[in-house]
Structure formats: structure tokens, C-alpha cells
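In: The following comprises the amino acid sequence and a computationally predicted model.
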Amino acid sequence: MSMSTSSTAIREQAPEQVMPPAEPFLRMVVRRFLKHRLAVISLGVLVLLILASIIGPHFLPRFDALDLDNPNQAWPSLAHPLGTDELGEDVLARLLVAGRFSLFVGLTAAFLGVFIGTIVGAISGYFGKIVDTIGMRMTDMFLTIPLLMLLMVLSSFTRGKTFVPFLPQDLQQLPIIVAIIGTTSWMGVARLVRGEFLALREQEFVEASRAVGGKSFWIIVRHMIPNAMAPIFVAATLSVGDAILLESALSFLGMGVQPPVPTWGNMLTNAQQYMISTPWLAVYPGLMIFLVVVSINFIGDGLRDALDPKLKGR
Amino acid sequence: MGAYVVRRILTSIPLLLGVTLILFLLMHLMPGGPLAAYAQNPHIRPEDLAKIRHIMGLDKPLWMQYFFWLGAMLTGNFGASLTSGQPVLAMFLSRLPNTLMLMGASLVVSLIIGVLLGVASAIKQYSAFDFTVTTLAFIGYSLPVFWFGVVLMLIFAADLRWFPAGGIHSIASHGGILDLAWHMVLPVTMLSIVSVAGWSRYMRSSMLEVIRQDYVRMARAKGLSEQVVIMKHAFRNALIPLVTLIALSLPGLLGGAIMTEQIFGWPGVGRLFFHALAESDYPLMMAILTISAVAVVVSNLLADIVYAALDPRIRYD
Amino acid sequence: MTDKLLEVKDLKKHFPIHRGIVFRREVGAVKAVDGISFDVLKGETLGLVGESGCGKSTTGRLILRLIEPTSGSVRFGGTDLLPLKDRDMRPMRRRMQIVFQNPYGSLDPRMMVGDSIAEPLRVHKLMDGKQIQQRVKELLERVGMSPTYANRYPHEFSGGQRQRIGIARALAINPEFIVADEPVSALDVSVQAQVLNLLADLQDEFKLTYLFIAHNLATVQHISDRVAVMYLGKMVELASSDRLYAEPKHPYTQALLSAAPIADPTQRKRDRMLLQGDLPSPVNPPSGCRFHTRCPLVNEVSNNLCKTEDPPLGDLGGGHLVACHLHKVAPASHLLATVPRA
Amino acid sequence: MAEPLLKVSGLQTHFFTEEGVVKAVDGVDFEVHRGQVLGIVGESGCGKSVTTLSILRLVAAPQGRTVGGQILFKGQDLLKLPEAQMRGIRGNRIALISQDPLTSLNPVLTVGEQIMEAIILHQHVDRRTARKKAIAALEAVGIPSAASRIDEYPHQFSGGMRQRVVIAMALSCEPELLIADEPTTALDVTIQAQILALMDDIRRQREAAIILITHDLGVVAEMCDYVAVMYAGKVVEYSDVATIFANPKHPYTRGLLKSIPQLGEKKSRLVPIEGQPPSLALLPPGCAFAPRCTEYTRKCSQQMPLLEQIDTNHMVRCWVTAGQQDTPAPAGATR
């Protein structure tokens, strides 16, 4: 008996199972993102490229006097690190300026696509039944028409149209390209969001919220959206890369942004003409597209790892 | 199974109707409508235009036009090209084999390489090989295909001169199969690069998913060799969902084919489409779009049926 | 006589099975719950036991209207819940709560546990921010957890701790009635007893009434005053927990009791009743008595009555109800029996 | 006593993860004799499943590795066998029955094919003979019209029937040792009774030894001859079933027995084990059960007790109840 009392006394000091201190959600996401080395490097590269596109052209000599004896003065030099093109424009400066347009179109088109896709998917997934059937059949239809062909047709129809009155004529094409890419590339996100919502609707914690009297609006705002955010965010990131690729493919085929507005796609088309004399001109724009897209994809991958609650504790 | 096929065919019908409706409306949204090419011709008087309009039924209500158009499509009557006057279908069919060859070769090549890479890296998860394959897949997935094509051409055709820069035959050796293969190397490589990345990524995660399953552990517990466990138990299960994905990849492959044909001067449907677009040859354009869309629907249908045949759980239904 | 808190009458839930794409038609129904009636007395624990697919969990959700019943009535404190509009149902939800089986799925992974516990208070706008925080702290302490855990996420906790959080949430708005849907079956053995004791303590402290759903007979018998046994959407027997164990009348109850392993090796040699075959599908339940396909006593009743006629739930006296042709009793006129409270 | 069929001693299987070493199995000792059923009982994460996988050498590499101990199967150390020889033992002399019959059968192969492949592999017979043997195996586990059902797919069977198929698969090569990993956890209680009765028949008719992994003390009491109780990767108590239930020595075993409700005996309150099961990644020094133990002494949190023999066939890992308080751990003792 004395033994039991003494052990009870000591028991007071028995090592408690202490929980490690709580970690705010955001800090946890950042910590886990930082573990993905390629994603971190990619983020650095992307930020650098964006900054360079925005401020770079201001510090670079844009044009050289055209030497009529040697109109194609593309050789790199100290003044022009990547050389100049057939019109005497500094290639680096033009690449960076093109980057502004390519990135702008990619970002806005992706945003539009994600926006449409999220709305279609959320409505389909939340309401279900006939609404869902209609939404998903519509999605299937858009998925059935080969995307690039559809884009080419739409782009050829809309060429030269004025959508936004206050923009200069040159730039009129940008919102059009954004609009046609955005309205034809929302299907993936729509399916994803619908899937998330359908799955969430069946979750016990949603049922639990209904059991305490939560209304539909409350459940959507407090439970469904926060839980669906992570995959949507990842998909949105990845779709920026896809949109940049689509825009550059269109521009490369001569169906997207037209010169004199430079984008990486149409620079590449242009460089094709000088492939024999100055083949590197074709390398730069493609490399830029690739760098941006691969960075975005790695960032998306890193975000997926960082945000996915299922990977917790691994 | 039979009931399943019938049910699946029936669900495709509204989809096809919807797609054709979208395309039909698209045609009417075109600047100048279906007669734009005539309207631009100064030799055609307005009354002639009205006559053509009447003959083509364009003065009828829109829904009626849609059904006329649909009826014509169903009987294989896609109309005549505005530029060449030839039947559109014939033009399309003459180009089809070239494109199918390109797409088929690319599909086979990319599937074989992609699936092998994916399976190998799944089996050796976390190894240096796995890390390399995964990283390369990301890179391949992010490559702008057209640029990759241009670079291929720069290096292997313009500089090294190992392969021809374009076309489908050399003028000298007309029709030889080796000559054809020689011409196909670069275009097929270009068209396959993104798919290889996609298949390997998919196959890796599919295999990883399957390898974790209890029945794979049970197969090992029976004393089966690792090879049998992987091939008979894991690989088969991982492969089944691929069927659906192949069908879903077709629209993308078609887009890739357009770019490939453009870069390598490959005389296929893609270039025909380009031509139609440049010349505002609407009947030709519509025919290509519609047939492509129908092909996608049909291939999805086939994929679902094959899937059901491979997976007893669905066959039973 | 004790008051009835809950009266369930002829409750049914048939989940329709549809076929056809263009013309969707009903080709059948899963008869998950097919006409069950019982009362729950104020302050008691009614155990609901049966095998998977017998409809016990569906019954719990039907009562709370988390699933809409096909027909029947559920009266709670005298109010029939089924005709209520959403708006009128919401205040009723303050009086009845549920504790879920799966401690991993029932807490929102993106919500701090404090917010999960506070959710009912916020939904019903019962308190202001400061009061809510105070209340969450009290609740956490009451279920045996540190109040500092309020700003943590569910994934940081073990199953038993999460189940305590789930219980705290259910308690937040001082309900009178709690449906506990297999609250311990997903937990480790050594933790189950903690949660069972917690539920028992809370019942005493807050005068709660429980509907305790489980498949484990020993657990149900331990915590319940009365136990109802379900088989394929029907109730086959209902009695006080002691009596059900001592004198099971329905062959299914007898089989269930005898199949349950007993943690005592000295009882290994006891006589046991082994059922043959599997549970039939609730889509096409057997005719007559649903248990007749597996019943070892089916031949004891003449005229093939078991195969043709569904036995009514009859009262053997003392509140012991059974639905079996072997026990010829008058159909129960009133389901409430005078059961001495334990 | 004769040489045991299987003798496991000092088994350690660790998982090397990014977050650190998880000692899933860290000191497991037991024996199984022909015709006997050994129960391994413990809660989720105590290492009982990893123990069985270690015996079959099926722990997932590269993270999981068996880093210590001996597994003597008829005197031969399985851990030292070349892989090819080990394959000849798996499914042939030691067979596995896994927990979830739903997931442990390959959905795209017929049940016949899945039973036959082991027979063909180990008994070197042609497909026709293998098929006959497979049908016989299905009949032996009580599957009606086995000759026609052999060509069906797993999803065409009910849960209880599937588990019978899994058992038939395990029995097909007449193994000397069956390892059943929670064979009835996924089943309803009336079906569980059927399957347990079937396993009891198998043990008696075939004289096979069975290792039965479970968390259900009821199942242990019904089925087992010997019991190993596991906690946090270690065997904490080992004895014959009567002793474990009548005279448990380890505070954890006692706690478990007190905390479960028993049919028919109405206690007003259960006596639970307080606290939570520990995380295997951050085990305290000393006895892992110490923080939850009612008999805690200071020593418990400092030093891990050994599995001590306190009686014939009764071993306990506890400073207090095995009377080890004052015995300092001998240097280099196997844990």
C-alpha cells in the first residue's frame, strides 16, 4: 500500500505528453514550401524575370542606328549582350518587353479561366443533380473541340476588332487574346472544383455543421471554400503556365499577338526567317517561355506539397 | 456489358448534338457569315449573293439551318471548298493518312517510352533515377513544343544535316518506307516530347498508388517473384485508367500535330486547316473542326468500352 | 411514468435506385430503414445495435433530419420535426446534437478546434466574441483538454482527443438530446473507456438523453438503459439492457449475443449459435420475417409463417418488445413501457 | 518443450523517415509451436502489423528496414536467407491472411487465378491440377458451388465470402504457419464468428500454427493459446492465455482488461487507461507506457525495462511488477 501511495506521489511529476507549440497555418505552408528546393529556386527565377521585364528595358539601349550595309547586325556585343535583330533593336530589351506582354496575357487569361472554371465547377458541385449534369455536359463539349483549332478560329474571327475603346490600336488585340484563351481553357478547373465540392459535400464535418444548424451559405463560406482553396490555388498557378504556352503557340502560328507588339511567341516566328544566319535568335524567346513555364510548374508542385493536408506529418 | 455499351452510346448523342451546335453557331458568328468569301468578291452582285443565300438555305430560320446542316453532315456532305471547288470531304480524306501516321507514331512512341519510364521510376521511388525522370518530366511538360521543334530543326536538320528539314518524301526516292521513316523522325520527336513527360508522370503516380495496395502485398506474400508481382498484379491495374487518358489526350495531340505540320511542312490535316483559315474557306474549316470533334467523342466512347472490358468491376454492372 | 423526449413512429427511409439516362426511372430502393418505432425517455440512454447495413446510423440521421425521411414521424418534445421548414428546424437543432463516428472526418481540417467548438454558438448568434472564447475554454476543460488547445488544428490531435473535441462542440449549445453514432468504434481500445466515461459523466451533469448507436454489444449494453436491436431496416427486439442480455427473445439477438467474443478464456467452451450465410441485400429484403433466411429456428414455426408474414413488434410485458413468430404476443399498443430506471 | 516452429527474438524494424527514425518494432520476442495459436494484441500503431511483415520480410524498403533480431523458422534464421529462398517460404510454408478482404484481392483477376498462381509456383503442377486444388481449397473454407465460383471476380463475393477466399488462398499450399493480420476486423460480428470458427477448424485439422494479430481481447480469449501484448513497438507481456487473463502482470495489460466493457456484467464505470498512446517518432526514454502508468516510479522514465521471465511461460517488461526496480540493466543487454 505504501508503495502505491509513494508511486502516486511521484506520479505527479511523471513526464507529461507535451504537445509541440502550435504553428500558424501560413508559417507551416511556408516552411513546407521551402523544403521543395526546385520550387524555391523557381520562385527566385520567376521573380527575377518579372522584375527584369518591368524595369530592365529602362536601362537598356533599345535601338541602334541601322547600319544599311549590314542590316542584320545580330552579333552580341558589350552594348548589346544578346545582339540586335534585323531591325536593329536590342534583342535583350525586346525580349524583356515581350516578357511584359507574354506574362500579362498569361496571367490575366489564366485568371479569367480559373474564375469561369471555379464558378461553373462550384455551381455544378454544390447544387448537383440537373445543374451538375448541365454544367458537366457543357464542360465535356468544350473539351471535345480541339482547343488549339478553336483558338485559331476564334482568333482569326476577332482579328482587328476593337473591344476596349481607350486602348491604342496596337494593343487592342491583347484583351481579345486574353478573352479567347480564358473562355476556352476553364474546363480543367471546372472539373477539379466540382470534384472538390462534391467530395466536400459528403464530408462528415459538413454534415456536422448542418447538424448544428449551419445554413448553406455558412457552410459554403466557412467550410467548403476554405477546404477547396488549396487545390484551386495550385490549379490556378499551373494554369498560368498553360496560358503562357497557349498564347505563345498562338502567336507563333501567327494567330495571336501580332507585331509590332512583341511577345515571345511572335519573336520566335520572326526569328525563324533568319535561322541560317542567326540561329540563336530563335533560341532566346523559347528559352524565356520555357524558363517561366517550368518555374511556374515547379512552384505549383511546391504549393501542392505545402498545402495538401493529406501529406501532413510526412 | 451490352447494356453498358448501349447506355454509353446513348449518352454520347447529346454531347455530339451540343458540340455540333456550338460549331454551327461559331460558323454564323464569323465575320460575314458563311458567305464571307463571296461577299469579298467584287464580281459578285448583291442579287447573286441573295440567290446563293437562298440556294444554301441561309434565309431560313437558324434552327432549321442547323438541322439542314446536321443532316448534310450525317450523309457525309460537307460541301465544296470555296477556294478549290473540290468536295471538302475528299480534300480532308486525302490528307488524313499523313496526319494519322504522324499522330499514331507519336502516340505509340510516347506511350512506350513514357510508360516504361513511369513504371521504372515508381519501382525505384526516391532513387536518383526517379528524381531524374521526375525532373525531366517537369521540364518536358513545360517545353514550348513549337520552340522545341524549331530547335530540333536547327540542330539536326540545318546544322548537322542528319534529317531532312521538312516534307514527307525526298524527291529522289519517292515513296520508300525508309525515306518516310527518315522524314518522320524529327516531327514525331517534336510531337512526342510533351506526351512522354505526361505519360511518365501519370504512370509513375498510378503505379505508386497500385503498389501500395493490399493485393500487391498479398501477391508478394504468396512468394511470387518481384517481376510477376509488378507485371501481373501492379502493372495491369495501373494500366487500365490509361485507356481513358489516351482518349482524353487526343485533342491535345491534334493541336500538337498542327504545329508540327506547320514547322516541318508535313502535308496533313493541320496544314489544310491552316490553309482554310488563311483563305477563309469556311466549309473546309468547319468540316475539319466537326470531324475532329466527332473523332474525339467516338474515341472517348471507345475508351470507355475498352475500360469496361478490362475492368471486371464495370463489366459486371 | 417518465416523460418521452422523442417519439419515433413508423419511420422509413428508402434510398431510390435510378436507371436510365434520358428517362430516369426508379427501379428499386435500398430500404435502409423500413418502418421502425420507438420512444426515448428523458434522461435515459437508448442503445441501437445491429450489424453494418441494418439502418442504425441512418435512423440517427433521420431523427436529426440530416437525411430526409421517406415517411413516418419524429416527435421531439412534442413537436413533429418532419413537416418543419428549414427556418423552423434550426431552433430545434439547438436542442439536439450528434457525435460522429469518425474523429478524423468530423472536424474541419482547415478550422482551428476552438472555431469548430464555437461554430454552433456563432451559427445561432448566441454570444459575442469574448463570451464565445470563454465558453470554448470551459468546454475544452470540461472534456478534459487544455484550454490552450483552442488555436490548434485537428491534425495535431489523436483520435481520442478529437472525439473529445467533437463532444465539446455538441455540448456547446446545451442540447437536451445527443445522438452518439458509434462514438468509440474508431478509437483505440485503451481510449474507448475514457470517452465512454466522459459521455456518462456529461449525461449526469447536464441531464442529457442519448441515442447510442453501435455495433459492439458489450459497449451498448454497458452504457444503455434500454437496447433496441435492428436487422435489415427493422427493429427486432427492444428491452432493458439487463433483460436483453439475460433473456434475449429474438433468435437474431440470441445469435448476436452468442457471436460476440468474450474476453474470458474460461468461457470458451460455452454453447454458441452460429448463423449461416451472409446478410441479405436491403434492396430485395427477404419476404416475411427478414431474418428467416438465416434463422436457425425457422422450422419451429408452422405454416411457413416466417417466410410469408412479417411478424409485428409485440410486447412480452415489462417493456420487452420482440418481433418474432415464435413469441405469440399481442401487438404493442403503446411502445412506451414502464421501465424501471437504472 | 519441443523446438518451436517460429522463434522471434529481439526483433527491431525501423522506418527511416525525413522526420527521424520511427521505431515501429523495437524488441519483439515470442515463440509459436505447431498446432498453436499465438495472439499478438495491441492498439493501432503498436507495431503488430509491422512484426508480421518483418517475419515475411515484406517491410517496404527503402524506408523500412529490419535492423536487428532473429526470426528462427524451424531453426533457420529467415533474416539471413537469400531472397530467392525466402520467396520459396512465402505462401508455401508461411502464408498471410490480411485484414481487409476487400482490398487484398486483385480486382482484375478471377479468384481462381489468384489461388492457382501460388499452387503452380510452389507445387510445380500444371494448370489443371492447380485448378482442382484451388476448387478443393475453396470448398474447404466453405464456399458453396466452388467449381463455378472459381471463375468469378472478387467483387462478386460478399465480405465474409471474400475473407474465405483469402483464407483458401493462404491454405492452398498447406503452410505450416498462418499469419492472420486482424482477419475479422472488417467483418460483422456474426460473420466474424463464422470466420473464427473456420480458423479454429483449420488449426485442429491441419495442425498448422497460427499467429493471430488483433486488437480485440475477446478474439484473443476465444482463439489463442499464447498471447504477446505489444505496446509502442515492444512486447510488454507474454504468456499463455489463461495466465494473461487471470493473472496479468504488466500495468498496460491490466489496464486494457479493466477498461473494456464485458457483456453481461454491468459496471457503473469503466476504469480507463488515462492519456494517449505515444507517437513512435518521439518516444520518451525509458518505458513508453510510463506517462500513462498507475504504478509509475522515477526509474520508469529513465531506463527501459527488459522482458523478464517471472514464471514458466510468463514474461513481463516492467520495473515494478517484475520486481526489477533495483536491478540495474546489465551492460549490452539485448532489449
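Out: That came through fine. Numbering: from 1, shown residues only, chains lettered A, B, ... in the order given.
In: Can you pull up the residues of the stretch 101-250 of chain C that come close to chain A?
Out: C:102, C:105-111, C:116, C:119-120, C:123-124, C:149, C:151-153, C:155-156, C:166, C:169, C:172-173 (Cβ under 8 Å from any Cβ of the partner chain). Just so you know, the C-beta spots here come from the backbone N, C-alpha and C atoms, and that holds for glycine as well.
In: Could you list which of the residues you listed belong to helices?
Out: Counted as lying in helices by DSSP state H, out of these, are C:116, C:119, C:120, C:123, C:166, C:169.
In: Return the member of the residues you listed nearest to chain A.
Out: residue C:120 (3.8 Å; Cβ to the nearest Cβ).
In: Could you verify my assumption that that closest one touches residue A:208?
Out: No: using Cβ atoms under 8 Å, residue C:120 makes no contact with residue A:208, being 9.5 Å away.
In: list residues touching both of these two?
Out: Contact criterion Cβ atoms under 8 Å, 6 or more residues apart in numbering or on different chains; residues shared by residue C:120 and residue A:208: residue C:169.
In: Name the residues that touch stretch D:73-90?
Out: B:220-225, D:3, D:5-6, D:55-58, D:66, D:69-72, D:93-94, D:96, D:122, D:176-177.
In: picking up where we left off before, tabulate the ones in helices among the residues of the stretch 101-250 of chain C next to chain A in CSV, adding columns for pLDDT.
Out: Converted to CSV, these look like this (pLDDT from 0 to 100):
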residue, pLDDT
C:116, 94
C:119, 94
C:120, 93
C:123, 90
C:166, 94
C:169, 94
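In: Farthest pair within these?
Out: C:123 and C:166 (16.0 Å; Cβ to Cβ).
In: out of these two, which sits in the more crowded spot?
Out: Neighbours were counted for residue C:123 and for residue C:166 using other Cβ atoms under 10 Å in any protein chain shown; residue C:166 has more, 30 against 22.
In: how about low-confidence regions in chain B?
Out: Confidence mapping of chain B against pLDDT under 70 gives the ranges B:1, B:30-42, B:56-58, B:170-175, B:315-317.
In: typo on my end, it should be the stretch 151-300 of chain D
Out: For the stretch 151-300 of chain D (pLDDT under 70), the answer is D:266-267.
In: just the helices in chain A please.
Out: Under DSSP H, chain A gives helices at A:2-11, A:25-35, A:37-55, A:91-127, A:129-144, A:147-158, A:173-184, A:187-201, A:204-211, A:216-219, A:225-252, A:264-272, A:280-307.
In: Out of these, which is closest to residue D:131?
Out: Among the helices of chain A, if distance is taken as Cβ to Cβ, the winner is helix A:187-201, at 42.5 Å.
In: Which positions within the closest one qualify as buried?
Out: Neighbour-count burial for helix A:187-201 flags A:187, A:188, A:189, A:190, A:191, A:192, A:193, A:194, A:196, A:197, A:200, A:201 (criterion: 16 or more other Cβ atoms under 10 Å in any protein chain shown).
In: Also stretch B:76-85?
Out: Within stretch B:76-85, judged by 16+ other Cβ under 10 Å, the buried ones are B:78, B:79, B:80, B:81, B:82, B:83.
In: try stretch D:245-264
Out: For stretch D:245-264, by 16+ other Cβ under 10 Å, it's D:245, D:248-257, D:259-263.
In: And stretch D:109-125, by the same measure?
Out: Those would be D:109-122, for stretch D:109-125 by 16+ other Cβ under 10 Å.
In: Going by distance to chain C, which of those wins?
Out: residue D:111 (16.1 Å).
In: Pretty sure the closest one sits against residue D:164.
Out: No: contact criterion Cβ under 8 Å: residue D:111 and residue D:164 do not qualify, at 9.9 Å.
In: Quickly list what's touching both of those two.
Out: residue D:138.
In: Quick check, central residue of the chain?
Out: Looking at chain A here, since you left the chain open. Note on chain A: the residue nearest the mean C-alpha position is residue A:240, at 2.2 Å, using Cα atoms, centre = their mean.
In: actually chain D
Out: residue D:213 (3.3 Å).
In: Secondary structure of that residue: a helix, I assume?
Out: No: in this structure, residue D:213 is strand, not part of a helix, as judged by DSSP: H, G, I helix; E, B strand; the rest coil.
In: Check whether it really touches residue D:53, as I assumed.
Out: No: Residue D:213 lies out of contact with residue D:53 (Cβ under 8 Å); the separation is 10.6 Å.
In: picking up where we left off before, name the nearest residue to the residue nearest to the centre of chain A, ignoring sequence neighbours.
Out: Nearest residue to residue A:240 in three dimensions, chain neighbours excluded: residue A:110, at 4.2 Å (Cβ to Cβ, 6 or more residues apart in numbering or on different chains).
In: roughly how far apart are residue B:150 and chain C?
Out: Plainly put, residue B:150 is 46 Å away from chain C if you go by Cβ to the nearest Cβ, to the nearest Å.
In: how close does residue C:129 get to residue C:115?
Out: Counting by Cβ to Cβ, to the nearest Å, the gap from residue C:129 to residue C:115 is 12 Å.
In: Compare those two (neighbour count), which wins?
Out: The neighbour comparison of residue C:129 against residue C:115 (other Cβ under 10 Å) goes to residue C:115, with 17 against 9.
In: so residue D:319 touches residue D:300, yeah?
Out: Yes: at 5.6 Å, residue D:319 counts as touching residue D:300 under the criterion of Cβ under 8 Å.
In: Contact residues of the stretch 101-250 of chain B facing chain C?
Out: Counting by Cβ under 8 Å from any Cβ, no residue of the stretch 101-250 of chain B is near chain C.
In: At which residues are the helices of the stretch 101-250 of chain B located?
Out: Per DSSP state H, counting those that start in this stretch, the stretch 101-250 of chain B carries helices over the ranges B:128-142, B:145-152, B:177-211, B:214-221, B:226-228, B:236-264.
In: Switch the helices of chain A over to a markdown table; also include distance to residue D:78 and mean pLDDT.
Out: Shown next, in a markdown table, are these (distance: least, Cβ to Cβ, whole Å; pLDDT from 0 to 100):
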| stretch | distance to residue D:78 | mean pLDDT |
| --- | --- | --- |
| helix A:2-11 | 41 | 38 |
| helix A:25-35 | 38 | 85 |
| helix A:37-55 | 40 | 90 |
| helix A:91-127 | 51 | 89 |
| helix A:129-144 | 53 | 87 |
| helix A:147-158 | 57 | 84 |
| helix A:173-184 | 60 | 88 |
| helix A:187-201 | 43 | 91 |
| helix A:204-211 | 43 | 92 |
| helix A:216-219 | 54 | 88 |
| helix A:225-252 | 45 | 89 |
| helix A:264-272 | 61 | 84 |
| helix A:280-307 | 38 | 88 |
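In: Turn those into a markdown table, including distance to residue D:219.
Out: Shown next, in a markdown table, are those (distance: least, Cβ to Cβ, whole Å):
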| stretch | distance to residue D:219 |
| --- | --- |
| helix A:2-11 | 32 |
| helix A:25-35 | 40 |
| helix A:37-55 | 48 |
| helix A:91-127 | 42 |
| helix A:129-144 | 45 |
| helix A:147-158 | 58 |
| helix A:173-184 | 59 |
| helix A:187-201 | 35 |
| helix A:204-211 | 28 |
| helix A:216-219 | 41 |
| helix A:225-252 | 38 |
| helix A:264-272 | 67 |
| helix A:280-307 | 40 |
